[in-house]
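**Q** Let's see this in three dimensions:
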Amino acid sequence: MKKNKKAIVVGASSGIGKELVKVLVENNYKVGLTGKEKDILDESRNGYLEDVEISCFDCTIDNNSEKIIELVTQLNGLDLLIFSAGIGNLNKNLGFEIENQANKLNVLAFTEIADWSYRFFEKQGYGHFVALSSVAGLFGYRFAPAYHAAKSYQISYLEGLRQKAYQSDKPIYVTDIRPGYVDTSMSKNKKRFWVLTAENAAKQIFDLIVRKKDVAYVSKKWQLVAIGLKLLPRWLRKRM
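**A** As a prediction, the model looks like this:
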């Protein structure tokens, strides 16, 4: 069957990104995968040889724009780009080196790829950029201040792109997906509630992409947490 649409998933070697690839292929997309672990990308490609192209690179080191352009050429087009890459560490003692790891991927690489995607879709005249920010972007947290701040940055940046897309009068969409707890390697050994499997999260996210939502929580019940956080007084937030 001929694939009707082309998508790229940045950060497809694990977690939600890996599961999103499966959902996209099942829904008639040809998909480009990016990640650092080539063996895992090759494994993900097994069974989808005609439907998947891979590009192994590190978003924090390599020239992301050039790598994505190469992947677009391999796919022969691009309709949807999903930024699913992310890193966060509990950092009780802080320290710039650990904090800056989060900045390099969640801020610098995100910005380069988001900016490239929007400009590509604007020139093309259509397209959909999706990023997985986080409920964590709605508040600061003493054990992971850079991660929470970076996710807040992503939320604000996506809002700016969404305004540009609206003003362009072109069918360009920008979706901010804010997951709560998802059972991935990043969330191991943490106290959690309302935990989704990566598979279920990916299915929900694809539904939100199809509906072209501006902002959405995965699962939807995390929107209640978002409302609650906005209502918390400053003196109480300080004690979190």
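
**Q** check contacts around residue 75.
**A** By Cβ atoms under 8 Å, 6 or more residues apart in numbering, residue 75 lies in contact with 6, 8, 30-32, 53. From N, CA and C alone the C-beta is placed, and that goes for glycine too.

**Q** Out of the residues you listed, which sit inside strands?
**A** Counting by DSSP state E, the contacts of residue 75 place 6, 8, 30-32, 53 in strands.

**Q** would JSON lines of those residues with distance to residue 41 be doable?
**A** Converted to JSON lines, these look like this (distance: Cβ to Cβ, whole Å):
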{"residue": "6", "distance to residue 41": "17"}
{"residue": "8", "distance to residue 41": "13"}
{"residue": "30", "distance to residue 41": "15"}
{"residue": "31", "distance to residue 41": "11"}
{"residue": "32", "distance to residue 41": "10"}
{"residue": "53", "distance to residue 41": "10"}
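
**Q** Of the residues you listed - the most surrounded one?
**A** residue 31 (28 neighbours; other Cβ atoms under 10 Å).

**Q** quick one on the thing from earlier: same list (the contacts of residue 75) but as JSON lines, adding pLDDT and distance to residue 154.
**A** Output for the contacts of residue 75, formatted as JSON lines (pLDDT from 0 to 100; distance: Cβ to Cβ, whole Å):
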{"residue": "6", "pLDDT": "97", "distance to residue 154": "24"}
{"residue": "8", "pLDDT": "97", "distance to residue 154": "18"}
{"residue": "30", "pLDDT": "95", "distance to residue 154": "27"}
{"residue": "31", "pLDDT": "95", "distance to residue 154": "22"}
{"residue": "32", "pLDDT": "95", "distance to residue 154": "21"}
{"residue": "53", "pLDDT": "92", "distance to residue 154": "26"}
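
**Q** Go through the residues you listed and name the one nearest residue 231.
**A** For the contacts of residue 75, the residue nearest residue 231 by Cβ to Cβ is residue 8; the value is 37.9 Å.

**Q** residue contacts, the spatially closest residue to that closest one that is not a sequence neighbour?
**A** The shortest distance from residue 8 to any non-neighbouring residue, by Cβ to Cβ, 6 or more residues apart in numbering, is to residue 32 (4.1 Å). By Cβ under 8 Å, 6+ apart, the residues touching residue 32 are 6-9, 52-55, 71-72, 74-75.

**Q** give me the element the closest residue to residue 161 other than its chain neighbours is part of.
**A** Leaving aside its chain neighbours, residue 161 sits nearest to residue 174 (4.6 Å; criterion: Cβ to Cβ, 6+ apart). Element membership for residue 174, per DSSP states H and E: strand 172-179.

**Q** In space, what's closest to residue 79 - neighbours in sequence excluded?
**A** For residue 79, the spatially nearest residue (Cβ to Cβ, 6+ apart) is residue 5, at 4.5 Å.

**Q** Just checking, which helix or strand of the chain averages the lowest pLDDT?
**A** helix 234-237 (a mean of 70; mean pLDDT, DSSP states H and E).

**Q** With just CA atoms, put the strand holding residue 174 into PDB.
**A** Extracted as PDB, the C-alpha positions of strand 172-179 are listed here (Å, rounded to 0.1, in the frame of the first residue of the first chain):
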ATOM      1  CA  ILE A 172       0.100  25.000   9.500                       C
ATOM      2  CA  TYR A 173      -0.600  23.400  12.900                       C
ATOM      3  CA  VAL A 174       1.500  23.500  16.100                       C
ATOM      4  CA  THR A 175       0.500  21.000  18.900                       C
ATOM      5  CA  ASP A 176       1.800  21.100  22.400                       C
ATOM      6  CA  ILE A 177       1.300  17.700  24.100                       C
ATOM      7  CA  ARG A 178       1.800  17.700  27.900                       C
ATOM      8  CA  PRO A 179       2.200  14.200  29.300                       C
END
